[in-house]
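Asker: Quick one: sequence and predicted model below, then my questions.
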Amino acid sequence: MSTPQLVLYEQELSRLAAVCASLQAGTDARAVILVDKNGQFIASHGDVTGFDTTSLASLTAGNMASTQGLAKLIGEAEFPSVFHEGKNESLLLSVVASQAILVVMFDQRTTLGLVRLRVKKAKPVLDSIFEAIDKKASMGRAQTPFAQITDDDIDNLFGR
């Protein structure tokens, strides 16, 4: 199932980037990255040099989609976060506002407990930003002259 395309506005994008910066500083993580559920990069803060953020965003979305499939298979509504532990780097992936995935990349300079705590505190802030984005997008759709045009109208126009 496809997630609707996320429409971002400059003010909210700045706020999202600020939350990423605050979270990165508060956890001493290598990087904090925010991607949408379709695998599109939204914002980041920290050291993202040396790897392809486009691939990271896409793979993160795929990983979370398969994880949600596993959750449903065993009777869970969802797994809101996933932890991947590596020898040198670890990732905590966390669903935000049912629209995005927060990725915290960290190493031995910090702990999983601190990262989880700071993510838990950041999620309500991120949720409110995504709520504001949704409101703006809804208002924009309602004001467009194309809002009342249906698929049937288009089919009738082209004789289908």
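Answerer: Yep, that arrived. Residues are numbered from 1 along each chain as shown.

Asker: Phi and psi next, for the most centrally placed residue in the chain.
Answerer: Centroid check for the chain by CA atoms, centre = their mean gives A100 as the closest residue, at 2.0 Å. Backbone torsions for A100, taken as degrees, to the nearest 10, come to phi -140, psi 170.

Asker: ok, now which ones touch it?
Answerer: Contacts here follow CB atoms under 8 Å, 6 or more residues apart in numbering; on that basis A100 touches L6, L34, V35, D36, K37, I42, L126, F130. Heads up, the C-betas are built off the backbone N, CA and C, glycines and all.

Asker: Considering those residues, which possesses the most neighbours?
Answerer: Greatest neighbour count in the contacts of A100, by other CB atoms under 10 Å, goes to V35: 27 neighbours.

Asker: The helix or strand containing that one pairs with which strands?
Answerer: Using DSSP states H and E, V35 falls within strand 31-36. Using DSSP bridges, strand 31-36 pairs in its sheet with strand 41-46 (antiparallel), strand 100-106 (antiparallel).

Asker: circling back: same list, the contacts of A100, but as a markdown table with pLDDT please.
Answerer: Putting the contacts of A100 into a markdown table (pLDDT from 0 to 100) gives the following:
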| residue | pLDDT |
| --- | --- |
| L6 | 72 |
| L34 | 96 |
| V35 | 96 |
| D36 | 92 |
| K37 | 91 |
| I42 | 93 |
| L126 | 95 |
| F130 | 91 |
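
Asker: ranges for the helices of this protein?
Answerer: Per DSSP state H, the chain carries helices over the ranges 10-27, 53-73, 112-143, 151-157.

Asker: Please identify which of those is closest to D47.
Answerer: helix 10-27 (9.1 Å; CB to CB).

Asker: by how many degrees do the closest one and strand 100-106 diverge?
Answerer: Orientation check (axes from the mean of the first three to the mean of the last three CA atoms, to 10 degrees): helix 10-27 against strand 100-106 gives 30 degrees.
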